[in-house]
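Asker: Take a look and give me a structure for this.
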Amino acid sequence: MSLLYADPSALARAYLADEPDHDDLRRLLLDRTAAVVTSEIARIELASAVKSALRAGRIRNTDRLHDRIDDDTGEGGAIFLAELRPRAIMPYAHKLVRTYRLRTLDAIHLAVALEDAPSFAGSAEVVLVTRDAYQAAAARALGLSVR
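Answerer: Okay, here's the model as predicted:
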């Protein structure tokens, strides 16, 4: 059994039907067949991705999609939102950015996956689900499995 840490690069594809890998990521992350966790900042990133899809004409109405995301990340939803612990996570993310080719939010999510997700996983393996190649490479270098 694994605990999946879902990076917003994968979550956005799970929610937006025209994205590559949509069906596979929707099943993996949203169908409640696995334990899924992400940082609370992912909700903000998802809201931004939905807004961008609206502006680009890829979707017509955002209300249902925002409601679905809120349901999935709310109490008893498919995705557990880990509270961001800035005093622990930000220095770790800073170190990751200095060491690996990572953007700011990718480093923060990777730091949460490495620092906080194991406490939610118990004896299960933490697996990072991402569609960012640089984040995936850094995670592998740090010993995380990646999907």
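Asker: wait, what's in contact with residue 49?
Answerer: 8, 12, 15, 16 (CB atoms under 8 Å, 6 or more residues apart in numbering). Yep, even glycine has a C-beta here, placed from its N, CA and C like the rest.
Asker: Return the host helix or strand of it as CSV; C-alpha atoms alone will do.
Answerer: Under the criterion of DSSP states H and E, residue 49 resides in helix 41-55. What follows is helix 41-55, C-alpha atoms only, in CSV (Å, rounded to 0.1, in the frame of the first residue of the first chain):
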residue,chain,number,x,y,z
ILE,A,41,-1.4,25.4,-1.1
ALA,A,42,-2.5,23.0,-3.9
ARG,A,43,-6.1,24.4,-3.7
ILE,A,44,-4.8,27.8,-4.6
GLU,A,45,-2.8,26.4,-7.5
LEU,A,46,-5.8,24.4,-8.7
ALA,A,47,-8.0,27.5,-8.6
SER,A,48,-5.4,29.3,-10.7
ALA,A,49,-5.3,26.4,-13.2
VAL,A,50,-9.1,26.4,-13.5
LYS,A,51,-9.1,30.1,-14.1
SER,A,52,-6.4,29.8,-16.7
ALA,A,53,-8.5,27.1,-18.5
LEU,A,54,-11.5,29.4,-18.5
ARG,A,55,-9.5,32.3,-19.9
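Asker: Adjust the sequence numbering to begin at 407 for everything that follows.
Answerer: That works, and once the first residue is 407, the last one we named lands at helix 447-461.
Asker: ok, then the element right after it?
Answerer: Heading C-terminal from helix 447-461 (DSSP H and E), you reach helix 469-479.
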